[in-house]
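Engineer: sequence first, then the predicted structure, then my questions.
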Amino acid sequence: MRFEARLVGKVKIGPASGVFLDHARLRGADFSGRELTYFGAHGSRLEACRFEDTRIESGSFGAGREMSEYVECSFDGARIWFVPGGYARFVRCSLRNAELYDWFCFAVEMVDCIFSGRIVKSVFNGTVPKDDRRAVRRERNEFHGNDFS
């Protein structure tokens with residue numbers, strides 16, 4: 001078997017182009033208005049953080065094999081393209097006028113969140129896939145009290 005690759009162009013990714021949080025504990029952080037190449041969080045907890053009008057080309061809000069949690073965070077006006085998978089929990093978050101693309105929520109929980117705007121090519125699972133149950137320590141995703149108006 002033979003593989004070949006060629007360089008067709010370069011993109012310089014500066015330190016401000018992306019954010020990765022590893023076991024972070026943030027309260028009131030403001031990511032609003034940023035244009036990020038990527039956003040990732042692993043085993044992190046964010047409370048009352050703002051992602052308003054943020055553009056994220058590659059978002060993994062529950063990267064790795066540990067749960068990340070978002071409590072009372074605002075994603076109003078955000079435009080986010082997600083990467084597959086992820087272990088995340090959203091509680092009382094606002095996603096008003098947001099555009100969310102390719103969000104495959106196999107081990108994601110959403111409780112009392114408010115959604116409006118567009119959700120495109122996305123899946124919300126009630127049951128956690130068998131391969132992920134050990135990592136998230138549950139068989140079902142908690143999913144209630146959400147407003148999808």
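Structural biologist: Perfect, I can see it now.

Engineer: per-residue confidence at the residue nearest the centre of the chain?
Structural biologist: Closest residue to the average C-alpha location of the chain: residue 61 at 3.0 Å, with C-alpha atoms, centre = their mean. Looking at residue 61, its pLDDT reads 95.

Engineer: surely it touches residue 67?
Structural biologist: No: counting by C-beta atoms under 8 Å, residue 61 does not reach residue 67; the two are 10.5 Å apart. Every residue, glycine included, has its C-beta placed from N, CA and C.

Engineer: what sits in contact with each of the two?
Structural biologist: Counting by C-beta atoms under 8 Å, 6 or more residues apart in numbering, the shared contacts of residue 61 and residue 67 are residue 88.

Engineer: and residue 22, what does it touch?
Structural biologist: Neighbours of residue 22 in contact, by C-beta under 8 Å, 6+ apart: 42-44.

Engineer: out of these, which sit inside strands?
Structural biologist: residue 42 (DSSP state E).

Engineer: so which of the contacts of residue 22 wins on neighbours?
Structural biologist: residue 44 (23 neighbours; other C-beta atoms under 10 Å).

Engineer: spit out the contact partners of the nearest residue to residue 23 once chain neighbours are set aside.
Structural biologist: Closest residue to residue 23 apart from its sequence neighbours, by C-beta to C-beta, 6 or more residues apart in numbering: residue 43 at 4.7 Å. By C-beta under 8 Å, 6+ apart, the contact set of residue 43 is 22-23, 64, 66-68.
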